[in-house]
Every structure is written in C-alpha cells, then in structure tokens.
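Enquirer: give me the fold of what follows.
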Amino acid sequence: MRIIPIACFLLLLNWQARAQGPQPTDTAKASNNAKCTVAGTVARQDTGAPLRKATVILRRNETVEKSGFTITDDQGHFEFDNVEPGSYRLDASHNGYLDSQFGQKKPGDPGANLSLVAGQRMTDLVFKLLRSASITGHVIDEDGEPLPNVSVKAYQASSRRGKGGLGAVAGASTNDVGEYRIFDLRPGRYYIRASYQSRRNLMGITPSSPQISRGDYPPPSTPIQQTPRRRTQSPRKRETRFPLWTSY
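Expert: Residues are numbered from 1 along each chain as shown. Predicted coordinates:
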C-alpha cells in the first residue's frame, strides 16, 4: 500500500525539476543581451585640447538601424548608452580637421572594428584629430584681371597596377574676384592645375571673331608633373597665383 504514495512523490519531484529547469537558461539569455557602453574624448592632436561639437558616429556593421551619433560636450566627451553587443565602426569628425576612425594609425589608413560583448563598458577611448590643410590663391589673365569660374584641381602622385601617375584628389572654382580655396586636404605634396573655359556665346549670340576661348596653366602640351607643387603642412595654408593666358 506504500508504493502508490512513493510513486506520487517521485512524480511531484520530477514535475518541479522540469518547472525550474528553464530558469537558468532565461538568466543566461538575459546576461548575453546585456547592454554596453561606449564613451571617450575627442581632442586636437597638436595641443591635446578637447574639441567641442565634434561628431561621433557609431555604426553597426550588420544593420544601419542600430547605428547612432552624438556631439561632444565642452570637455570633448561623448557617450553611447544601451548599446547592443556586436561589431561596430566608430568615427569622429570636426570641421577643419581630418576624419578619424577607431583603430586608425594615420589619416587615410583603414580603421578597425569595435567588437562589444554583453555588458562591456569601453569608457576610455581617445580620438586625436589632425588639422586639415588648404591651398588658396588667385587666377588672373595676361592683363592681371581676375578670372571667375576657373576650375582648379589638386593632384597627388598615385600608383595603380604598378604604374605611377597623378590623380585628382580635390578641386574648386574661382569666385568673382578670381579667388579659389581647396580645403580638407591631408598634409603632403600636391600638383595644381587650372583650366579655364570662357563662354562661347552670350544669350544665344555667338562671337563675331573666331577665337579659342580656352586657357590652361600649365599649357595642355606641358606634362602635368611640371605644374607648381605645393607641400601642405597642417594647419598652414598655401597660396598660389596663376597667370592664365587665353588664346584668341
């Protein structure tokens, strides 16, 4: 007669064990999804002074929906709370400075992924931004008159498929007084070329005299490697004056 109560007792213990079994799994799942924190400072590379109003972007590699950005405060501090674990890219930028990526050794190099595990807190990140360089100048004609709407481009030496050459990296157009400014340049050596194409007609009226309304400096027959070279060194700016002749 004692067999039945003992069997019922064993069944009750088995049911309680199954009811309590999933609890450790739920706890582990919650631990794996614990939010992360990413924080740090953006500063100038030359002086170490904090940079306020710098933009810091945290990009999720798998999806854009999990990305976000923030602006640094007066102390150059930024912080991202409630960040889900995963792989991210972290970028910092400020007007007048070169953009920087997490894990980047120098401007132009690729950055690295920021991998976050559940509950991780990375609060000591430091971005040191390098001042960008600029090239400014004027373009004039043979009479010293300023030329507007002149295309001025900056070139740098590059190597593609084992062959050396020059590639355009930035450009600008002159304003009404012949001034131009090419900015956001990395420190380095540049070749500058100006190209002018005047109006061939005015309000549908063609010129009465045949003319080639075009000017280049250096002339098209001159190899571009012989153009004036300017080595920019952040944060300085260089000024170039182009005497641009037009042929008629």
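
Enquirer: got the domain boundaries for the protein?
Expert: Listed by automatic domain parsing, the domain ranges of the chain are 34-129, 133-201+211-243.

Enquirer: the ones you listed: lowest mean pLDDT?
Expert: The stretch with the lowest mean pLDDT among the domains of the chain is domain 133-201+211-243, at a mean of 76.

Enquirer: mind putting the domains of the chain in a markdown table, mean neighbour count included?
Expert: (Glycine included, C-beta is placed from N, CA and C.) As requested, those are arranged in a markdown table below (neighbours: other CB atoms under 10 Å):
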| stretch | mean neighbour count |
| --- | --- |
| domain 34-129 | 16 |
| domain 133-201+211-243 | 15 |
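
Enquirer: I'd say residue 166 and residue 156 touch.
Expert: Yes. Counting by CB atoms under 8 Å, residue 166 touches residue 156, with 6.8 Å between them.

Enquirer: sec struct for residue 65, please.
Expert: helix (DSSP: H, G, I helix; E, B strand; the rest coil).

Enquirer: and residue 75, by the same measure?
Expert: coil.

Enquirer: for it, phi and psi?
Expert: Backbone torsions of residue 75, given as degrees, to the nearest 10, read phi -90, psi 10.

Enquirer: contact partners for it?
Expert: 41, 50, 52 (CB atoms under 8 Å, 6 or more residues apart in numbering).

Enquirer: and which of the residues you listed is nearest residue 63?
Expert: residue 41 (27.6 Å; CB to CB).

Enquirer: now for the closest one: which residues touch it?
Expert: 50, 72, 75, 76, 77, 78, 125, 126, 127.

Enquirer: need these in a markdown table (columns: distance to residue 118).
Expert: Listed next are the contacts of residue 41 as a markdown table, based on distance: CB to CB, whole Å:
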| residue | distance to residue 118 |
| --- | --- |
| 50 | 31 |
| 72 | 27 |
| 75 | 29 |
| 76 | 28 |
| 77 | 24 |
| 78 | 22 |
| 125 | 19 |
| 126 | 24 |
| 127 | 25 |
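
Enquirer: all good on my end, thank you.
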